[in-house]
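> sequence? don't have it. structure:
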Ligand code: PEP
């Protein structure tokens, strides 16, 4: 892994204040594993409380609205999550694309708003099982990503992270092979180079997400093009999440 590995936990619609003890445990252990950048994206309701608990790890949001504010009941703007303590936002997760009809155009608008507010973004992409079986995974992911990436981003290396998450691997216990992940990440890297130039693209980390656990993390993170992991289920307990962070720390520079 050529860059500092980035391990991000996505708590999805899980977590009440009782789970702040997990946040604290993850943060304290991460202080001894500085080789790895660690972050958590709890639900909106816990962002501020989690931010108050941590000294080392980043806290982020799982989504934000593209608008600045106003008559949009139930939505939360980028400026609001920043104000609550978020440093980044996950955008375009497949559960939002599928469950909330988020198109690439919507994701791109959200990305522009988040960046304008000063949030780093983790942009998700990934194919369905049918698309992979049809041999069209790479074409699908590249088109999804090129339509979702924000235009004119000057500091991509600092502000942008990509998460490749095949939908069929999320929460299923199934994963692609290391070769399949590496091939997809190389194709994504080429797109990022085309979009933002070689120098900026070098610093953009491409995370893998989908059933990453402590016992498969070392293998799934072993390709040079895998810059870390976006972790769902296994991020809900400090013990399993830290197992993944420890695996990332073991990967030679
Ligand atoms: C996710 O939803 O981002 C994810 C990777 O979930 P899991 O780790 O549970 O497959």
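Alright, I've got the coordinates. Predicted model, so just to flag it, every value in this text is computed and none were measured.
> hmm, the longest helix seen in the chain in reach of the ligand?
Of all the segments assigned as helix in the chain under DSSP state H, the longest by residue count is helix 178-196. No: if you take C-beta under 6 Å from any ligand atom as the test, helix 178-196 misses the ligand, and the best it gets is 12.7 Å. For every residue, glycine as well, the C-beta is placed using N, CA and C.
> Buried residues, that helix. List them.
For helix 178-196, the neighbour count (16 or more other C-beta atoms under 10 Å) marks 178, 181-185, 187-189, 191-192, 195-196 as buried.
> name the helices or strands packed onto that helix?
If you count contacts as 3 or more C-beta pairs under 8 Å, 6 or more residues apart in numbering; DSSP states H and E, helix 178-196 packs onto helix 137-148, helix 156-159, strand 160-164, helix 198-202, strand 205-209, helix 214-220.
> Walk me through which strands the fifth one pairs with, and which way each runs.
Strand partners for strand 205-209, identified by DSSP bridges, are recorded as strand 160-164 (parallel), strand 228-231 (parallel).
> now the last one: mean pLDDT?
Averaging the model's pLDDT scores along strand 228-231 yields 98.
> buried ones in it?
228, 229, 230, 231.
> in this structure, which spans are strands?
Along the chain, the stretches classed as strands by DSSP state E are 6-10, 37-41, 58-61, 88-91, 120-125, 160-164, 205-209, 228-231.
> Which residue is the nearest non-sequential neighbour of whichever residue of the chain sits closest to the ligand?
Going by C-beta to the nearest ligand atom, the ligand is nearest to residue 232 of the chain, at 2.2 Å. With sequence-adjacent residues excluded and distances taken as C-beta to C-beta, 6 or more residues apart in numbering, residue 232 is closest to residue 10, at 5.2 Å.
> burial count for residue 23?
A count of nearby residues for residue 23, using other C-beta atoms under 10 Å, gives 25.
> what does this structure have sitting close to the ligand?
Within reach of the ligand by C-beta under 6 Å from any ligand atom, the chain has these residues: 10, 165, 170-171, 209-212, 230-234.
> mind running it again at 8 Å?
Those residues of the chain that sit near the ligand, judged by C-beta under 8 Å from any ligand atom, are 10, 12, 90, 93-95, 124, 163, 165, 169-172, 209-213, 229-235.
> From those residues, list the buried ones, please.
With burial judged by 16+ other C-beta under 10 Å, the buried subset of the residues of the chain next to the ligand is 10, 12, 90, 93-95, 124, 163, 165, 169-170, 209-213, 229-235.
> so residue 171 makes contact with residue 233?
Yes: the pair residue 171 and residue 233 passes the contact test of C-beta atoms under 8 Å, sitting 6.1 Å apart.
> what residues does the worst-scoring helix or strand of the chain on mean pLDDT touch?
For the chain, scoring each helix and strand by mean pLDDT, DSSP states H and E identifies helix 198-202 as the least confident one, at a mean of 94. By C-beta atoms under 8 Å, 6 or more residues apart in numbering, the residues outside helix 198-202 that reach it are 153, 154, 155, 156, 157, 189, 192, 193, 195.
> Give me the distance from it to the chain's centre.
Relative to the mean C-alpha coordinate of its chain, helix 198-202 is positioned 19 Å out (C-alpha atoms, centre = their mean, to the nearest Å).
> Ok, stretch 172-183 next?
Averaged over its C-alpha atoms, stretch 172-183 has a centre that lies 17 Å from its chain's centre (C-alpha atoms, centre = their mean).
> And stretch 150-162, by the same measure?
Distance of stretch 150-162 from its chain centroid, counting by C-alpha atoms, centre = their mean, is 14 Å.
> Could you list the low-pLDDT ranges of the chain?
When residues are selected by pLDDT under 70, those of the chain lie in 1-2.
> now do 90
Low-confidence segments of the chain, defined by pLDDT under 90, span residues 1-3, 151-152, 154, 252-253.
> Check the spacing between the residue lying farthest from the centre of it and residue 106 real quick.
Farthest-out residue of the chain from its mean C-alpha position, per C-alpha atoms, centre = their mean: residue 71, at 28.7 Å. Distance, residue 71 to residue 106, using C-beta to C-beta, to the nearest Å: 18 Å.
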